[in-house]
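Enquirer: Quick one, fold the following:
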Amino acid sequence: MDKRLSRRFSLKGYYTWSKTLASIAMDNNSLANPFEDYNNRYLDKQRSDFDQRHTSVTSIVWQPDYFSGANRMVRGLLNGWTVTAIVTLQSGAPFNITAGSDLNADGNSNDRPNIAAGKVAKLNNTGGSRSGSMAKRFDTSAYCVFSATSLASCPGVGPAGSSGTVRPNSLDAPGVRNVDASLFRDFGIYERVKFQFRTEVSNVFNLTNLGTPTGTLNSANFGKVTGSASSFPNRQIQLGGRILF
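Expert: Numbers count the residues shown, from 1 in each chain. From the prediction side, this is the model:
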């Protein structure tokens, strides 16, 4: 979408829908390890770590010049400025669920857990509540690890059922939203020499973007979001000026 500057206003927007897959040998989510099952490599087909389904970026430019009927002072104060904004919306990146312990005695503690009988991996419907999403982002009761007493409720595969069946990158972290804005104006000094005053604000509305939930089954914070996303920090304001000639 592209609306060129007319009536002192322009708008440009991009939307991308994508899906990226990877086939990775990852008993512990690492390229250095063998396939979960060489006879069934489909078990290791997964979403890639950077698979973000929806991304939208919109840029806006506004140059107000609508105060011709006002007195000279009002026109001088309000006209001549340029206001810009960049609006970014992204869906969440995928993340892994791991057992946090060495279930199959291979020396690695990032083995996969199992899906409990009658359960499916899913995000919880929190009705848009940020506190609800932080407290339990996904259904933690859907995961279990094999033990001698859980044959029926926690079926597994492989020797003694110890190799988990959870597919890597099966759930999404929360999405992010951000608005950056700037305000600037040129002031004439002498002939072609101008002074430009600038104000730049990142995350102008100070939106809080949640981080990735804890995906380690034996962690006390399993399923919880304990921090914010690092990609868009809290609001930051920068004032500056420069000479143009």
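Enquirer: From here on, just use CA atoms for contacts and neighbour counts.
Expert: OK.
Enquirer: Contacts for stretch 235-245 next, please.
Expert: Identification of contacts with stretch 235-245 by Cα atoms under 8 Å, 6 or more residues apart in numbering yields 192-207.
Enquirer: typed the wrong thing, it's stretch 216-234
Expert: Under Cα under 8 Å, 6+ apart, the answer for stretch 216-234 is 97-101, 113, 133-140, 143-144, 176, 178, 202-203, 206-215.
Enquirer: quick one: buried residues of it?
Expert: Across stretch 216-234, burial judged by 16 or more other Cα atoms under 10 Å covers 216, 217, 222, 223, 224, 225, 228, 229, 232, 234.
Enquirer: May I have the strands that pair with the lengthiest strand in the chain, each with its orientation?
Expert: In the chain, taking DSSP state E as the definition, the longest strand is strand 176-190. When pairing is defined by DSSP bridges, strand 176-190 lines up against strand 81-90 (antiparallel), strand 193-202 (antiparallel).
Enquirer: Only C-alpha atoms, please: export the last one in CSV.
Expert: Coordinates of each C-alpha in strand 193-202 appear next as CSV, following Å, rounded to 0.1, in the frame of the first residue of the first chain:
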residue,chain,number,x,y,z
VAL,A,193,21.6,27.8,6.0
LYS,A,194,19.0,26.3,8.2
PHE,A,195,18.7,24.9,11.6
GLN,A,196,16.7,21.7,12.1
PHE,A,197,15.1,20.9,15.4
ARG,A,198,14.2,17.2,15.9
THR,A,199,12.4,15.2,18.5
GLU,A,200,12.5,11.4,18.1
VAL,A,201,10.5,9.0,20.3
SER,A,202,10.8,5.2,20.2
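Enquirer: next structured bit after whichever helix or strand residue 61 is part of?
Expert: Following DSSP states H and E, one finds residue 61 within strand 54-62. Following strand 54-62 in sequence order, the next helix or strand is helix 72-78 (DSSP H and E).
Enquirer: quick one: average pLDDT of that following helix?
Expert: The average pLDDT within helix 72-78 is 72.
Enquirer: Off-centre distance for it?
Expert: 42 Å (Cα atoms, centre = their mean, to the nearest Å).
Enquirer: Would you map the helices across this protein?
Expert: Secondary structure of the chain by DSSP state H: the helices cover 72-78, 130-135.
Enquirer: other SSEs contacting the shortest one?
Expert: Based on contacts counted as 3 or more Cα pairs under 8 Å, 6 or more residues apart in numbering; DSSP states H and E, there is no element that helix 130-135 packs against.
Enquirer: Same check on the longest one?
Expert: Using 3+ Cα pairs under 8 Å, 6+ apart as the contact criterion, no helix or strand is in contact with helix 72-78.
Enquirer: Just the C-alphas of that helix, formatted as PDB.
Expert: Extracted in PDB, the C-alpha atoms of helix 72-78 (Å, rounded to 0.1, in the frame of the first residue of the first chain):
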ATOM      1  CA  ARG A  72       0.200  35.100  11.800                       C
ATOM      2  CA  MET A  73       1.500  33.800  15.100                       C
ATOM      3  CA  VAL A  74      -0.700  30.700  15.000                       C
ATOM      4  CA  ARG A  75       0.400  30.000  11.500                       C
ATOM      5  CA  GLY A  76       4.100  30.400  12.400                       C
ATOM      6  CA  LEU A  77       3.700  28.100  15.400                       C
ATOM      7  CA  LEU A  78       1.700  25.300  13.800                       C
END
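Enquirer: May I ask which helix or strand of this protein has the lowest mean pLDDT?
Expert: None of the helices or strands of the chain scores lower by mean pLDDT, DSSP states H and E than strand 2-6, at a mean of 63.
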